[in-house]
Structure formats: C-alpha cells, structure tokens
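Student: return atomic coordinates for the entry below.
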Amino acid sequence: MRKRVLSVMAGVVAGFITVSIGDAITQQLYPANGLNYQDKEALKNFISKLPTICFFIMLSFWCLSSFIGGFVAGKVNKESWMRSSVLTGLILLAASVGNMVMIPYHPIWMMVSCIILYIPLAYLGGKLTNK
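Tutor: So this is what the prediction gives:
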C-alpha cells in the first residue's frame, strides 16, 4: 500500500513538472504581457486570440504529463503498475479538468481530447516501463 501511494505521488509530481515545462514554453512563445488573470473578460479575450498551434502545444504537454506520470508510477511500483499508473492518470485528469473549469475558455476539441487521452496514456506509460 505504501509503495502504491509513493508511486502515485511520484507520478503526479512528474506529471505536474511536465505540465509546468509546457506552460513555461507556451508563455515564452505567446506571452500574456501584463494580463490580469482575475479579469475574466481580458482572459477570455487573450485566449480567443491565441493561435491553434498554441493549444496543440499545450495539449501535447498535457498528454505527455499523463504518459510520464504513468511511466514513473509504473517504474516505482512494478508489482501493481497498472493500478498505480491509472490512478496517477486519474489524478492528473482531475487536475486538468479543474484547470478547464477555472479557465473555461479552452477550445472544446482540446478539452474532449484531454478527457479521452489521459487514462490510456497513463496506462501506456506504465505498461511501457513494465515490458
């Protein structure tokens, strides 16, 4: 049980680091330049002007975070890799959905893709490390 908890924690941390790297890259490519994130209208306006490639980059890092999270969880807990990897994916998915609720201006295709891909990618990451 303890090993499973530690493996999931390690996977979630790895996933969060991956998303943070992706966020830093998109911030460099598409800077917000003094945007007040509390101003919902300004935030909506800024996001609506972002090019589609920005959302593809963000989605790629979100998916990569789930894959890496599942990989790390599966590596730490080889005996119960599937359970640890999938649970890691579920937690990362919940965080992503929370992000989409807090910032509801993401494109629909991005939100749907995220919801569909998170769990299978976490599973795949865990499976890959335990081949």
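Student: what about whichever helix or strand Gly70 is part of, distance to the chain center?
Tutor: Secondary structure assignment for Gly70, by DSSP states H and E: helix 52-76. Computed by C-alpha atoms, centre = their mean, to the nearest Å, the chain-centroid distance of helix 52-76 equals 5 Å.
Student: swap in stretch 91-104?
Tutor: With C-alpha atoms, centre = their mean as the basis, the mean position of stretch 91-104 lies at 9 Å from the chain mean.
Student: helix or strand right after the longest helix belonging to the chain?
Tutor: As assigned by DSSP state H, the longest helix anywhere in the chain is helix 2-29. Per DSSP H and E, the first helix or strand lying C-terminal to helix 2-29 is helix 40-48.
Student: check which helices and strands the longest helix of the chain is in contact with.
Tutor: Helix 2-29 sits against helix 52-76, helix 81-102, with contacts defined as 3 or more C-beta pairs under 8 Å, 6 or more residues apart in numbering; DSSP states H and E. Heads up, the C-betas are built off the backbone N, CA and C, glycines and all.
Student: great, nothing more from me.
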